[in-house]
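**Q** how would this look folded up:
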Amino acid sequence: MTEQRVPRGAKVRLGAVEGDLRLETGVRVEVEERLRVAGEIRCDGRAEFVGPVECERLRVDDGDVMIRGDLQVHREISARDSALEITGGLQAGRVDVDRRLNVAGPAVAEEVEVGGALRGGASLTADRVAVGGRLSVAGKLTARSVEAGGAIDAGTVDLESLEVGGAAEVGGGAIRTSIEAGGRFRATGPLLFGTLEVGGVAELGAGSTGDRVEVGGKFSADGDLTFATLEVGGIGSVRGDATGGTVTIGGRFEVRGSLRLQGKAEIGGSISVGEAVDGDSLEVGGHLEARRAVFRGTAEIGGQVTTREGLKAARIQLGRRARAAGPLVGGEVRVDDRGHVEDVYGDSVELGDRVEARRVQGRRVRLGDRVSVDEVLYTESLESGDDVSVRTPARKVDRLEPFPL
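**A** Residues are numbered from 1 along each chain as shown. Predicted coordinates for the structure are as follows:
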C-alpha cells in the first residue's frame, strides 16, 4: 500500500488518501468535507485535523493529536506517550492511549484502555473500559466491565462490573454483578446492583435494589432500599423503608420508615426505626427504638428498648441495667439484674435481682431478690426471692388477659 508523507510543520488540505498517511510533528490538516484514509494514519508527534476523519488504523507517537470533528477508526487506535482529543464523536475498534483521551461527543468502541485520564462529554459504549487515572463520562456509560485506578464519575450506567481504587459517583442505572470501591461510592439515582463492596463510604439513591452490601465505614440510602445482606462496619442509615435478608451493623443504624427482614439483625450500637421492624431475630448492644418490633425468634438487647406499641419475640433477653419503655411480649421474657421495665407479658417471665416493673402477666413467673412490681398475674406458678415488693398482692388467675401485639 502506498504512503503519503507530510513534512514537519506543514499545513495541507486533504479529502481522500488511497494508502497510508504519515505526518511528521507539527502538521495541520484542513479537511475537505471528510478525510478518508484507506490505510493507517501515523502521527510522529503533535498534529491537528480540522474536520471529520476516517481511517483503518490511527497511530500516534510522542505527541498530542487534536481532531476537530468526528473520528472513525475501523480497527484500532494506538497512542504511545501521547494524548488524543476529539471535539466530535468517536467510533473505533480497540483504543489504547497512554496519557489522556478526551471525547466531546458520543464514543463507541470494542475496548478502551487509557493510562491517564479519560473524559467523555456525552455517552461511552464499550465492552471493556480500563483507565489508570480518572474516568469521567457526562452521559450514559455502557460496558461489560469498567476499571479505574483513580476515580469514576458518570451519568446513568449499564454495566456488569465496576472497580475503582478511589471514589466513584454514578447517576443510577444498573451494575448487575459487582461494585468494588476502595474509598467512596455514590449513586444519586436508583441503582440495580449485585454486590457492593466499599472500603469507606457508600451512598445509594432512593429505590435502589441489590444483593449484598459490605461497607467498611458509613452507609446511607436516600430512600427505600431492598437487599439480601447488609454489612456496615460503622454507621448505616436508610431514609425510607428497608427490606432485606440480614443486617449486621457495627455502630448505629437508623431507618426512617419500616424495616422488614427475613433473617437476623445484629447491631453493635443502637437501632432506630421510625415505623415497625420485624424479622427472625435481633441482637442489639445498645438501644432499640421503634414504633413496634416483632421477631419470630430471639430478641437480645443490652441497653434500652423504646417502643410505642411494644416488643414481641419468642424469647426476649434484656441485659443488666437495661430499660424498657413499652410492652414486652414473649414466649419467654428475661430481664437481668437492676433492669427497669414497664409491662411484661409471657409464658415464662423472669426478673433478676433489683428489677423494677409495672405489670407482669405470665403462666410462670419468677422474681429475684428485691424486685419491685406494681402488679403480678399468673396462671401456673410464682417464685419470689427475698425482700420482693408487689404493690398489689400477686394473684393466680384461671386465664390471662389477651397480650398486646
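
**Q** next one: the helix or strand where residue 375 lies to chain centre, how far?
**A** Assigned by DSSP states H and E, residue 375 belongs to strand 372-384. Remark: strand 372-384 is offset 49 Å from the chain centroid, using CA atoms, centre = their mean, to the nearest Å.

**Q** what comes up buried for it?
**A** Judged by neighbour count (16 or more other CB atoms under 10 Å), strand 372-384 contains these buried residues: 372-373, 375-379, 382, 384. C-beta here means a position set from N, CA and C on the backbone, and glycine is covered the same way.

**Q** quick one, what contacts residue 59?
**A** 40-43, 77-79 (CB atoms under 8 Å, 6 or more residues apart in numbering).

**Q** switch the cut-off to 7 Å
**A** 40, 42, 78 (CB atoms under 7 Å, 6 or more residues apart in numbering).

**Q** would you confirm that residue 88 contacts residue 106?
**A** No: using CB atoms under 7 Å, residue 88 is not in contact with residue 106, being 9.0 Å away.

**Q** now the end-to-end length of stretch 239-259.
**A** Chord length of stretch 239-259, first to last residue, is 11 Å (CA to CA, to the nearest Å).

**Q** got the contact list for that stretch?
**A** 206, 221-238, 260-277.

**Q** just stretch 109-123 next, same as before
**A** The set of residues external to stretch 109-123 that reach it, using CB under 7 Å, 6+ apart, is 90, 92-107, 126-140.

**Q** would you mark the buried spots in it?
**A** 109, 111-123.

**Q** would you reformat these as JSON lines and include pLDDT and secondary structure?
**A** Shown next, in JSON lines, are the buried residues of stretch 109-123 (pLDDT from 0 to 100; DSSP: H, G, I helix; E, B strand; the rest coil):
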{"residue": "109", "pLDDT": "98", "secondary structure": "coil"}
{"residue": "111", "pLDDT": "98", "secondary structure": "strand"}
{"residue": "112", "pLDDT": "98", "secondary structure": "strand"}
{"residue": "113", "pLDDT": "98", "secondary structure": "strand"}
{"residue": "114", "pLDDT": "98", "secondary structure": "strand"}
{"residue": "115", "pLDDT": "98", "secondary structure": "coil"}
{"residue": "116", "pLDDT": "98", "secondary structure": "coil"}
{"residue": "117", "pLDDT": "98", "secondary structure": "strand"}
{"residue": "118", "pLDDT": "98", "secondary structure": "strand"}
{"residue": "119", "pLDDT": "98", "secondary structure": "strand"}
{"residue": "120", "pLDDT": "98", "secondary structure": "strand"}
{"residue": "121", "pLDDT": "97", "secondary structure": "coil"}
{"residue": "122", "pLDDT": "98", "secondary structure": "coil"}
{"residue": "123", "pLDDT": "98", "secondary structure": "coil"}
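
**Q** just send these back as a markdown table, with distance to residue 288 too.
**A** Converted to a markdown table, the buried residues of stretch 109-123 look like this (distance: CB to CB, whole Å):
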| residue | distance to residue 288 |
| --- | --- |
| 109 | 53 |
| 111 | 51 |
| 112 | 50 |
| 113 | 51 |
| 114 | 50 |
| 115 | 52 |
| 116 | 51 |
| 117 | 48 |
| 118 | 48 |
| 119 | 48 |
| 120 | 48 |
| 121 | 50 |
| 122 | 49 |
| 123 | 47 |
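
**Q** residues near the nearest residue to residue 90 once chain neighbours are set aside, how many?
**A** In this structure, residue 90 finds its nearest non-sequential neighbour in residue 107, 4.1 Å apart by CB to CB, 6 or more residues apart in numbering. Residue neighbour count, defined by other CB atoms under 10 Å, stands at 28 for residue 107.

**Q** in stretch 318-333, what's buried?
**A** Buried residues in stretch 318-333 (16+ other CB under 10 Å): 318-319, 322-324, 326-330, 332-333.

**Q** to clarify, my last question referred to stretch 294-312.
**A** Those would be 294-295, 298-305, 307, 309-312, for stretch 294-312 by 16+ other CB under 10 Å.

**Q** could you tell me which of those residues belong to strands?
**A** 294-295, 298-301, 304-305, 307, 309-312 (DSSP state E).

**Q** out of these, who's nearest residue 48?
**A** Nearest to residue 48 among those is residue 295, at 69.4 Å by CB to CB.

**Q** what residues are bridge-paired with the closest residue to that closest one other than its chain neighbours?
**A** Nearest non-adjacent residue to residue 295, counting by CB to CB, 6+ apart: residue 313, 4.1 Å away. Taking DSSP bridges as the rule, residue 313 bridges to residue 295, residue 330.

**Q** and the gap between residue 313 and residue 140?
**A** 47 Å (CB to CB, to the nearest Å).

**Q** more neighbours: the two, which one.
**A** residue 313 (26 against 18).

**Q** OK, contacts around the more buried one?
**A** 295, 297-299, 330.

**Q** want to try JSON lines for these, with distance to residue 70 as columns?
**A** Shown next, in JSON lines, are the contacts of residue 313 (distance: CB to CB, whole Å):
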{"residue": "295", "distance to residue 70": "61"}
{"residue": "297", "distance to residue 70": "63"}
{"residue": "298", "distance to residue 70": "65"}
{"residue": "299", "distance to residue 70": "64"}
{"residue": "330", "distance to residue 70": "70"}
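
**Q** show me which of these is closest to residue 285.
**A** Distances from residue 285 to the contacts of residue 313, taken by CB to CB, are shortest for residue 299, at 13.0 Å.

**Q** any idea how far residue 19 is from the closest residue to the closest one other than its chain neighbours?
**A** Excluding the flanking residues, the one nearest residue 299 by CB to CB, 6+ apart is residue 313, at 3.8 Å. Per CB to CB, residue 313 is found 81 Å from residue 19.

**Q** contacts for stretch 286-299, please.
**A** Stretch 286-299 is contacted from outside by 269-273, 275-282, 301-317, 405, using CB under 7 Å, 6+ apart.
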